[in-house]
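Asker: Fold the following for me, if possible:
(one chain, ligands or ions: 1)
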Amino acid sequence: MPRQFFVGGNFKMNGVAESITGIVNNLNSSKLDPNTEVVISPPALYLTLTRSLADPKIGVAAQNVFDKPNGAFTGEISVEQLKDAKIDWVVIGHSERRVILKETDEFIARKTKAAIDGGLSVIFCIGETLEEREANKTIEVVTRQLNAAAKELSKEQWAKVVIAYEPVWAIGTGKVATTEQAQEVHAAIREWLGKTIDSHAQETVRVIYGGSVSEKNCRELATQPDVDGFLVGGASLKPAFVDIVNARI
Ligand SMILES: O=C[C@H](O)COP(=O)(O)O
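Answerer: As a prediction, this is how the structure comes out:
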């Protein structure tokens, strides 16, 4: 069975109730490719608003979750609380959290395990910095990030993971990876799935690309055999997000 195209919109720390309502209403009233799975990720404060407004076909993702079930963890949100708010997805391991908030591979892997154990699906973000790419360490870095998750997850749990390859140097910079650069890393990730998890994961786990995806470059990226969709930042706040969702039609 072919992998379903997946487009995520990560609003990051942008928007207030009024603008987020506008974005969701625009998506609700737009013709979206029925073969594409769409998941939007507003700031935590607006998850319930977004879930109540969005068409049920549109998934909603938190931008973070904690690895412990409850307790004295000021500022954190648990898996149970997300499920209680009818949220089914969470973004974990985004480079902004890895780099700015110093989240480690191991912590990210534990959060991924906790999320999936608790019934969430995970957009698991990986990617190299410019320095790492220039040192030819791209595959080494993404392999290290994936290996940390593989230590925590059972083979079956990979069915609940969408891997987002987001080269850090392409995020919010306007410097999109070329189709060849994206395809090369996506193919390596797929090979890793086959070697480390199993052939089922290799065939079925979706690997999406993130980093300056726009309505202008999405169609060419979408032609690549191992690019199963996108994780979109800046452009997900704009009406052009609809064109990215519809990149395959
Ligand atoms: O999560 C999304 C990525 O960080 C990409 O962000 P961007 O599309 O603004 O470059």
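Asker: what separates the residue lying closest to residue 35 once chain neighbours are set aside from the ligand, distance-wise?
Answerer: Of all residues not flanking residue 35 in the chain, residue 5 sits nearest, at 6.3 Å (C-beta to C-beta, 6 or more residues apart in numbering). All C-beta atoms are positioned from the backbone trio N, CA, C, and that covers glycine. According to C-beta to the nearest ligand atom, to the nearest Å, residue 5 stands 17 Å off from the ligand.
Asker: what's around residue 225, how many residues?
Answerer: 9 (other C-beta atoms under 10 Å).
Asker: Look up how far residue 148 lies from it.
Answerer: Residue 225 is 27 Å from residue 148, where distance means C-beta to C-beta, to the nearest Å.
Asker: do residue 194 as well
Answerer: Residue 194 is 18 Å from residue 148, by C-beta to C-beta.
Asker: same thing with residue 201?
Answerer: 16 Å.
Asker: likewise residue 237?
Answerer: Residue 237 is 31 Å from residue 148, by C-beta to C-beta.
Asker: Which elements pack onto the helix or strand bottoming out on mean pLDDT in the chain?
Answerer: Least confident helix or strand, the chain: helix 130-134 with a mean of 96, by mean pLDDT, DSSP states H and E. Counting contacts by 3 or more C-beta pairs under 8 Å, 6 or more residues apart in numbering; DSSP states H and E, helix 130-134 is packed against helix 138-152.
Asker: Work out the gap between the helix it packs on and the centre of the chain.
Answerer: Its chain's average C-alpha position is 16 Å from that of helix 138-152, according to C-alpha atoms, centre = their mean, to the nearest Å.
Asker: Mind exporting the C-alpha coordinates of that helix to CSV?
Answerer: Below are the C-alpha coordinates for helix 138-152, written out as CSV (Å, rounded to 0.1, in the frame of the first residue of the first chain):
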residue,chain,number,x,y,z
THR,A,138,24.5,14.4,8.1
ILE,A,139,23.9,10.7,8.0
GLU,A,140,25.8,10.1,11.2
VAL,A,141,23.8,12.7,13.0
VAL,A,142,20.3,11.5,11.8
THR,A,143,21.3,7.9,12.5
ARG,A,144,22.3,8.9,16.1
GLN,A,145,19.0,10.7,16.6
LEU,A,146,17.0,7.7,15.2
ASN,A,147,19.0,5.1,17.2
ALA,A,148,18.1,6.9,20.4
ALA,A,149,14.4,6.4,19.6
ALA,A,150,15.0,2.8,18.4
LYS,A,151,16.3,2.0,21.9
GLU,A,152,13.0,3.0,23.5
